[in-house]
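>>> Pasting the sequence and the predicted coordinates here, then a few questions.
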Amino acid sequence: QVQLVESGGGLVQAGGSLTLSCVASGRSFSSYAMAWFRQTPGQEREYVAIIRAGSGGWIFYADFVQGRFTASRDDDKNTVKLEMNSLQPDDTAMYYCAADVNPWGSERADEQDYWGQGTQVTVSS
C-alpha cells in the first residue's frame, strides 16, 4: 500500500510560480512510475507529467505544459515535485500526485494505482 500526500498549492497571480510536492509512504517507491494530474470541476482528470521509474527517469509532459513545468523525483526521499512557472488562469485546478506500479507509467488516470488527496492551485488574472 502506498500513501501519497501533496502540498504546495495556493493562490498565485498570472505569470507567477508554484512548486508542488508529493511525499510517498510505503515500500518500492523507486519502482513506481509517478505522475501529476489535474482536474477542474466537471472535467476529467488529465495528465500533466509522468516520471518513469528507473535510473533513466524519463519524463513526459502534456502538450499544454509548453516548457513551463518541470517534474522531478527523489527516490531517496520518496518525493516527487512539480515546479510550475508562467502560470495562467487556465492552470487553475486541483493537482494530484499518482503512483503506477507499471514502471513505464501511463497517461490514463484509470491506470494509476494510488492517488493523493490533491492540492488546489488557483491562478488569478
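Yes, it's here.
>>> What residues are bridge-paired with the closest residue to residue 107 other than its chain neighbours?
Take residue 107 and drop its neighbours on the chain: the residue closest to it by CB to CB, 6 or more residues apart in numbering is residue 47, 4.5 Å away. For the C-beta atoms, the positions are set from N, CA and C on the backbone; glycine is no exception. On the basis of DSSP bridges, residue 47 is bridged to residue 37.
>>> so how far is residue 13 from the spatially most central residue of the chain?
Residue closest to the mean C-alpha point of the chain, counted by CA atoms, centre = their mean, is residue 36 at 2.0 Å. Distance of residue 36 to residue 13, computed by CB to CB, to the nearest Å: 22 Å.
>>> got it, and residue 88?
From residue 88 to residue 13 the distance is 10 Å (CB to CB).
>>> and if you look at residue 43?
Residue 43 sits at a distance of 23 Å from residue 13 (criterion: CB to CB).
>>> and stretch 20-38, how far from the chain's centre?
With CA atoms, centre = their mean, to the nearest Å as the basis, stretch 20-38 stands 9 Å off its chain's centre.
>>> And stretch 92-109, what's buried?
92, 93, 94, 95, 96, 97, 98, 99, 100, 105, 106, 109 (16 or more other CB atoms under 10 Å).
>>> Take those residues and lay them out in CSV including secondary structure and pLDDT.
Output for the buried residues of stretch 92-109, formatted as CSV (DSSP: H, G, I helix; E, B strand; the rest coil; pLDDT from 0 to 100):
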residue, secondary structure, pLDDT
92, coil, 98
93, strand, 98
94, strand, 98
95, strand, 98
96, strand, 98
97, strand, 98
98, strand, 98
99, strand, 97
100, strand, 96
105, coil, 95
106, coil, 96
109, helix, 97
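>>> so where do the strands sit in this protein?
Here the chain has its strands, by DSSP state E, at 3-7, 10-13, 18-25, 33-39, 46-51, 59-61, 69-74, 79-84, 93-100, 114-115, 119-124.
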